[in-house]
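*Asks:* Have a look at this prediction, sequence included:
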Amino acid sequence: MTLSSDELSEIRSILGREPTDAELLMFEAQWSEHCSYKSSRHYLKLLPSEGVDVLIGPGRDAAAVRVFRDFAVVLKIESHNHPSAVDPYNGASTGVGGVVRDILTLGAKPIALLDLLFFGNPRDKHANWLIKGVVRGISDYGNRIGVPVVSGMVWFDESYNKYPLVNVACIGIVEISKIINGVPEDGDYIVIIGNTTGRDGILGSSFASKPLDLQEDSSYLPAIQVGNPLIEKLIIDFLVEAAELRILKHVKDLGGGGLATAIAELTSNYGLGAYILLERLHTREPDLRPEEMLVSESQERMLLVVSREDFRKVEELLSKYNLQYSVAGYLDRSGLIKVYYNGKLVACIPADKLARPQVRFRSVEIPEHYIKLHNNDNLVLPEVKNLNEVMLKLLSSPNIASKEWIYSQYDYEVGVRTVVKPGFGDAAVLRLIDVDGRVGIAVKGDGNPRYVFLNPFRGAANAVAECYRNLISVGSKPIAIVDELNAGNPEKPTHYWYFTEMVKGISWCASELKLPVVGGKVSFYNEDLSRGVMVKPVATIVGVGVIDDIAKSLTFELKREGNYVLVVGTTYPELGGSEYLHSCLGLELGEVPLPRPSTEVFNGEYISKLVELGYVEAVHDIDIGGLAVAIAEMCITGMNGARLDLRRLPSRGCSRVEELLFSETQARYLVEVKRDVVDSVLELATHYGVDVGILGEVGGDSLVLTWGNSKIINVSLDELREAYMNSLESLMSW
Amino acid sequence: MPKVAVIKFPGTNADLDVVWVLRNVSGLEARSIWYADFNVKGWDAVVIPGGFSYGDWLRAGAIAARSDVISELIKALDNGTPILGICNGFQILTEAGLLPGALLPNESCRFICRWVKVVFTNPRGPWLKLASDGLIVDMPIAHGEGRYYVESTSYQEKISKLPTIKYYGYNPNGSLYDIAGIGSEDGLVVGLMPHPERASEPELTPRKLSCGGRVIWLSIAKSLKEGW
């Protein structure tokens, strides 16, 4: 029981009597943090969510943003942290299923998935098992439903050894005129479709693996016997076709909180009531109790609101796809949710009271380690003798090294939309064959738990900025983001403080970058109870950008010998919280890089201009590992060497070569420029007020970084490639 | 204009990809047809696209290969209608016995998505008309059960003489004889694990690699218009 005694007495006063068993479970489900946002709602109001192109913002199952005049990109982010910690395979795969169904509620076709995964040390036995399970779960489910996993991020940190964070986002596309966005009315049917309701996920706390249904009714054989992702795929095909036919008024996912939550949200949003007959539900077990049916979280189920006139057509389409369904009741004007089971009234609750529990104001306290760690007082850099070794060590750090071992298990090409594929660009680029095949979108997910741990405000703000840069790099114009706030226990003030600071950081940076936060999710209680610690909190950001001509989209591969390599943006001595300190010196401290949103806008607009004019052949944002890692990644993927002189790097206040190489200052890019346009590129820089430096040129079979004539780093392409491409696989196959 | 049916089973996910390429690369009429509605009449060629028909339950392709669609396909073959199976479509064709051999789980026991090089040998028939013997091209694979298996005697006696598409340089899944795809004697039926529909347009093809699937889509267009 997660309801407090205060909440229990509140429930008694709402009902004017003792609650029934069913009512109690419905309140418990709906008033859970997960469903009601009771500890986060008042902070989330800070996030800027409006924009001229935002068609549907926060509050619905997914958000919609107008693109290319008549179309909408639909997006949603979710977390499946708790389930993935217990059962990584099923936890991660059902996370994919849930977020895809959210996209479907608007009638959009899901076209891309992104995973943001936070894992423990692959050398730790338990963490290794969790990683393999999560990746396999996403792979098996995503591949089977035919939605490509095109992007995301992966981070490794010991605090996730027993408790990974699994965030997943989905992107959909729909013609605006076909968005399912009708107003439910008195008399409309409530139809539950898809999988049977069973005893799995009762109140989200039961994690039994799901056995295959072996129903005897052979007419359902193909749909039932083959397991869950197949049902999800049939639901996708059904909903996309139903949206096309415009026969559905409104759709909701049966996710967290199950039927109780879906009905509470539906009725309260439209001032309606509902009349539910539970015995009508298609169930997995014959002895399911009514209260279990209400809060079961069995997967692959959705709620349709269908007008009586269209019901026949809906039935026909459901049987085409062999989908099971039941008419569970109808909507009325009572404002009450009345639930009957075999003629007996088991619950009768005012919808608005169930849907919205009172806000819980939680107290906040700055944790001690924050005060100790987040300044640079303790940061004394040792002499480094061999920078070649440092370079290779950084490239083989799993946070930096190629994630091919993971993304090669995902079918990232299904849909014939994936123009910029995983591993080659700062973001994925998808062409929209749904529009005309010329236009496209870019998508990317970002987050940095080390930054957030050391300074949650800056860490969250920098995640927004990084997402913005990644979208710019591939040649897109960023239009919207969604966020997932993964935090600890809101009842503990030092945990809750991270949450509040992350919201403020996102809110500030998104406003400065004029990026509406169109949706999001909060995940609290991310604690490793076996060690009694909070796992590192993190704000993850998933962003979308638009591209008018996908032929102009860019990867970061160095393309041509003789081209110039330029840096855009000034480097500051900002090694606090860097990958260099962490993986080379074993330090996790210091003040993290300052978010610089106004510089981001200047530099971002400059890069966009260069892309538009066709002056650049490769763009790469400078991220963890700094300039040195960024150029190495460009060399490795492009299979071209480069020779750069650090004396030409615009910098301020740097006194050490490590700062030039590994500082993680924001708002910087590396670009590959054709020789004949370099003058125009420099001229434009003056015009845009942007700092640039011609660092050197592409060529040779090694990466050489010099200070004037003296070589600082000189590593062959083969060595770079070996460190970067094979590290994760060898860590995993341990 | 010749018309191509692209069959969609429950769980098929690349039907619209193939329709897109048939329309935009081959310049043919094409439609995705729900398996239960498929009737061979009126179609000039048939493609069974990739995906996870029936969720790969039992074995990849096993259930679809026992559906009514197969008897329609046999009728189609009797009429001389070309049939192409891609990925799960290839698995279905081998399960149905319309192509020899079987497809087993990858040697690595993992799903693999990556670009590979393949070489055409003994190309003939409507799907491979324009491919020259020994042509080497790039295409992506994306499968968990793509390891081709066939008895060695059957290979020596029969298969070595058939049209084949073989992995070149790198065999990603442990297929015997590097077989990535295979055709019937006359080349009327072809099945392959790589995805030609994902390797037919420069927009989707990585730098320095070739649009290796194009030759198949151009072949069928020419064959349906001029014969083969």
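*Replies:* Right, received. Where do you want to start?

*Asks:* Show me the strands in the stretch 1-150 of chain A, by range?
*Replies:* A:54-56, A:63-67, A:71-79, A:109-119, A:149-156 (DSSP state E, counting those that start in this stretch).

*Asks:* Repeat that for chain B.
*Replies:* Along chain B, counting by DSSP state E, strands occupy B:3-8, B:29-34, B:45-48, B:83-86, B:102-104, B:112-121, B:136-143, B:147-149, B:164-167, B:179-183, B:189-192.

*Asks:* Just put these in JSON lines and tack on mean pLDDT.
*Replies:* Converted to JSON lines, the strands of chain B look like this (pLDDT from 0 to 100):
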{"stretch": "strand B:3-8", "mean pLDDT": "98"}
{"stretch": "strand B:29-34", "mean pLDDT": "98"}
{"stretch": "strand B:45-48", "mean pLDDT": "98"}
{"stretch": "strand B:83-86", "mean pLDDT": "98"}
{"stretch": "strand B:102-104", "mean pLDDT": "97"}
{"stretch": "strand B:112-121", "mean pLDDT": "98"}
{"stretch": "strand B:136-143", "mean pLDDT": "98"}
{"stretch": "strand B:147-149", "mean pLDDT": "97"}
{"stretch": "strand B:164-167", "mean pLDDT": "98"}
{"stretch": "strand B:179-183", "mean pLDDT": "97"}
{"stretch": "strand B:189-192", "mean pLDDT": "98"}
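
*Asks:* Those: which one's closest to residue A:555?
*Replies:* strand B:112-121 (14.3 Å; C-beta to C-beta). For glycine as for every other residue, the C-beta is placed from the backbone atoms N, C-alpha and C.

*Asks:* could you check whether that closest one is close to chain A?
*Replies:* Yes - interface with chain A: strand B:112-121 contributes B:112-114 (C-beta under 8 Å from any C-beta of the partner chain).

*Asks:* residues in contact with whichever residue of chain B sits closest to chain A?
*Replies:* Residue nearest to chain A within chain B (C-beta to the nearest C-beta): residue B:13, separated by 2.5 Å. For residue B:13, the contacting residues are A:145-146, A:233, A:414, B:49-52, by C-beta atoms under 8 Å, 6 or more residues apart in numbering or on different chains.

*Asks:* from these, which two are the most distant?
*Replies:* Largest separation among the contacts of residue B:13 by C-beta to C-beta: A:145 and B:49, giving 15.1 Å.

*Asks:* Specify which member of the contacts of residue B:13 is nearest to residue A:486.
*Replies:* Nearest to residue A:486 among the contacts of residue B:13, with distances taken as C-beta to C-beta, is residue A:145, at 24.7 Å.

*Asks:* and the gap between that closest one and residue A:414?
*Replies:* Residue A:145 is 10 Å from residue A:414, where distance means C-beta to C-beta, to the nearest Å.

*Asks:* of all the residues in chain B, which ones are close to chain A?
*Replies:* Contact residues (C-beta under 8 Å from any C-beta) of chain B with chain A: B:10-11, B:13-14, B:17, B:20-21, B:24, B:34, B:36, B:50-52, B:54-57, B:63, B:110-114, B:140, B:142, B:144, B:195, B:197-198, B:201, B:203-204, B:206-207.

*Asks:* Going through the residues you listed, which ones are buried?
*Replies:* The neighbour count (16 or more other C-beta atoms under 10 Å in any protein chain shown) marks B:10-11, B:13-14, B:17, B:20-21, B:24, B:50-52, B:54-57, B:63, B:110-113, B:140, B:142, B:144, B:195, B:197-198, B:201, B:203-204 as buried among these.

*Asks:* hang on, isn't residue A:629 packed against residue A:396?
*Replies:* No - taking contacts as C-beta atoms under 8 Å, residue A:629 lies outside contact range of residue A:396: 11.0 Å.

*Asks:* What sits closest to the residue of chain B closest to chain A if chain neighbours are left out?
*Replies:* residue A:146 (2.5 Å; C-beta to C-beta, 6 or more residues apart in numbering or on different chains).

*Asks:* Just to check, the one you found is in contact with residue A:413?
*Replies:* No - taking contacts as C-beta under 8 Å, residue A:146 lies outside contact range of residue A:413: 11.0 Å.

*Asks:* which SS class is residue A:481?
*Replies:* Recorded secondary structure, residue A:481: strand (DSSP: H, G, I helix; E, B strand; the rest coil).

*Asks:* which residues touch it?
*Replies:* Here residue A:481 is in contact with A:464, A:467, A:510, A:515-518, A:541-544 (criterion: C-beta under 8 Å, 6+ apart).

*Asks:* Run through the residues of the stretch 551-700 of chain A sitting next to chain B.
*Replies:* So the stretch 551-700 of chain A meets chain B at A:551, A:555, A:557, A:559 (C-beta under 8 Å from any C-beta).
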